[in-house]
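In: My questions are about this predicted structure, shown below with the sequence.
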Amino acid sequence: MQTVLSGIRPTGDLHLGNYFGALRNFVRLQNDYNCFFFVADYHSLTTHPHPADIQNNVRKILSQYIASGLDPEKSTIYIQSDLVETAEFYMLMNMNAYIGELERVVSFKEKARQNPDNVNAGLLTYAVLMACDILIQRADLVPVGKDQEQHLEMTCKFARRFNNIYGVEYFKEPKAFSFGDHLVKVPGLDGSGKMGKSEGNGIYLIDSDKDIRKKVMKAVTDLGPQAPNSEKPEVIQNLFTLMELVSDKSTIEHFEAAWNDCSIRYGDMKKQLAEDIIKVVTPIRERINDIYNDTEYLDRVAKMGAEKARVNAQKTIQDVREIFGFRRIHY
Ligand code: TYM
């Protein structure tokens with residue numbers, strides 16, 4: 001059976017980008033695959049969260065995973081830092097990762113530009129740690145959004161390089177996965193490209209109906225189509241892209257036709273879009289609080305997940321140690 005793996009950094013609440021880029025695809029796979037989904041708390045350290053906040057950030061994300069449909073009975077849900085094997089693997093793999101290639105990673109360049117005072121080594125080697133998360137479980141499919149595509153290419157590169165250097169056929173190359181024919185990029189509604197935590201333009205799974213309506217009604221638009229069947233400018237395409245994720249086919253066709261014959265009213269489109277987002281978010285939001293408050297349950301889920309995830313991780317790290325020339329550890 002193929003293995004599916006993904007994770008999200010606990011740096012804030014989950015937004016529609018996380019949901020449609022990663023979570024929803026993952027949830028749809030969990031009946032038929034060997035599934036691992038983790039909270040990437042090591043990765044969150046690049047932005048130096050306060051130590052007193054980390055446990056709570058993790059718990060928040062765990063509760064939002066489960067509320068979104070991740071089922072701890074079907075999937076292995078765990079916390080990245082519970083698998084210390086990943087840290088050893090990351091240290092070893094860093095020896096075969098080169099500064100030049102790491103400096104060229106788009107997300108690294110972006111983060112370095114946004115925070116020039118915090119270009120730390122963890123940020124530079126972010127892609128190595130992510131590769132280790134994936135390779136340590138020997139994952140085949142990795143449900144992620146479009147923004148992670150390059151990290152998956154790096155993972156394949158590191159896997160190939162490892163096999164070449166040591167003359168083994170140990171790691172296979174995982175694939176970024178999405179249902180449909182492309183990885184999803186959920187746009188922001190402020191005209192700034194993608195929806196994201198650091199972009200400050202998120203529609204969150206915990207947002208109230210009122211917040212969602214307010215955010216959608218504020219979406220940037222333009223003067224309207226100037227000629228029939230014209231190409232849509234980016235800000236308008238963004239509304240349609242979101243509609244494709246949350247609305248039914250007839251609604252989308254209605255607004256496409258209205259765009260094409262220039263009768264579209266953005267106010268109506270936004271109202272409809274907000275209601276359709278609310279339909280997706282409401283059942284998730286309603287579950288979040290109860291799950292979040294059940295600390296005992298969440299501790300049990302994380303413990304069970306770590307135990308299961310550790311089985312593959314220990315096997316991989318033992319093999320990798322041996323391939324590097326070290327002894328296997330006797331636990
Ligand atoms: P993070 O927290 O930045 O993003 C988590 C997931 O949400 C997706 N995503 C989006 N997808 C579509 N449109 C958007 N606007 C959008 N915003 C976020 C991301 O593509 C991602 O799938 N580095 C990972 C965390 C990670 C990981 C891994 C993932 C660490 N190790 C191993 C997979 C496998 C990340 O970007 O987290």
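Out: Cool, the structure landed.
In: and residue 159, what does it touch?
Out: With contacts defined as C-beta atoms under 8 Å, 6 or more residues apart in numbering, the neighbours of residue 159 are 131, 135, 171, 172, 173, 174. Any C-beta I mention is one placed from the backbone N, CA and C, and that applies to glycine too.
In: Where do the helices of the stretch 151-300 of the chain begin and end?
Out: 209-217, 234-246, 249-260, 266-293, 295-324 (DSSP state H, counting those that start in this stretch).
In: Show me which positions of the shortest one end up buried.
Out: Yep, that's helix 209-217 we're talking about. By neighbour count on 16 or more other C-beta atoms under 10 Å, the buried set for helix 209-217 is 212, 213, 215, 216.
In: List buried residues within the contacts of residue 159.
Out: 131, 135, 171, 173, 174.
In: Secondary structure class of the first one, three-state.
Out: Read it as residue 131. Following DSSP: H, G, I helix; E, B strand; the rest coil, the label given to residue 131 is helix.
In: any idea how far it is from residue 138?
Out: 12 Å (C-beta to C-beta, to the nearest Å).
In: Need the nearest residue in space to residue 196, chain neighbours excluded.
Out: The shortest distance from residue 196 to any non-neighbouring residue, by C-beta to C-beta, 6 or more residues apart in numbering, is to residue 17 (6.2 Å).
In: Can you name the helix or strand that the one you found falls in?
Out: Using DSSP states H and E, the element containing residue 17 is helix 16-18.
In: For the next helix or strand after that helix, name the packing helices and strands.
Out: Scanning forward in sequence from helix 16-18 by DSSP H and E, the next helix or strand is helix 24-29. Using 3 or more C-beta pairs under 8 Å, 6 or more residues apart in numbering; DSSP states H and E, the elements in contact with helix 24-29 are strand 3-8, strand 34-39, strand 141-143.
In: any idea how far the shortest one is from the chain center?
Out: Averaged C-alpha coordinates place strand 141-143 at 10 Å from its chain's average position (C-alpha atoms, centre = their mean, to the nearest Å).
In: buried sites along it?
Out: Applying 16+ other C-beta under 10 Å to strand 141-143 flags 141, 142, 143 as buried.
In: Get me the contact residues on the stretch 151-300 of the chain for the ligand.
Out: Selection of the stretch 151-300 of the chain residues close to the ligand by C-beta under 6 Å from any ligand atom yields 184, 185, 186, 194, 195, 196.
In: returning to what we had before: quick check, nearest of the buried residues of helix 209-217 to the ligand?
Out: residue 215 (14.3 Å; C-beta to the nearest ligand atom).
In: per-residue confidence for the spatially closest residue to that closest one that is not a sequence neighbour?
Out: Among residues not flanking residue 215 along the chain, residue 203 sits closest, at 5.5 Å (C-beta to C-beta, 6+ apart). Predicted confidence (pLDDT) for residue 203: 97.
In: how about residue 130, what does it touch?
Out: 40, 43, 151, 154, 155.
In: returning to that earlier point: same list (the helices and strands packed on helix 24-29) but as CSV, adding mean pLDDT and distance to residue 231.
Out: Below are the helices and strands packed on helix 24-29 laid out as CSV (pLDDT from 0 to 100; distance: least, C-beta to C-beta, whole Å):
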stretch, mean pLDDT, distance to residue 231
strand 3-8, 98, 34
strand 34-39, 98, 38
strand 141-143, 97, 31
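In: List the buried residues for stretch 143-158?
Out: 143-148, 150-152, 154-156, 158.
In: Just the residues contacting it, thanks.
Out: 4, 6, 17-18, 20-23, 25-26, 29, 93, 96-97, 101, 105-107, 126-128, 130-131, 134-135, 142, 173-178, 182-186, 194.
In: again, only using 6 Å
Out: 6, 21-22, 25-26, 106, 127, 130-131, 134, 142, 173, 176-177, 183-185 (C-beta atoms under 6 Å, 6 or more residues apart in numbering).
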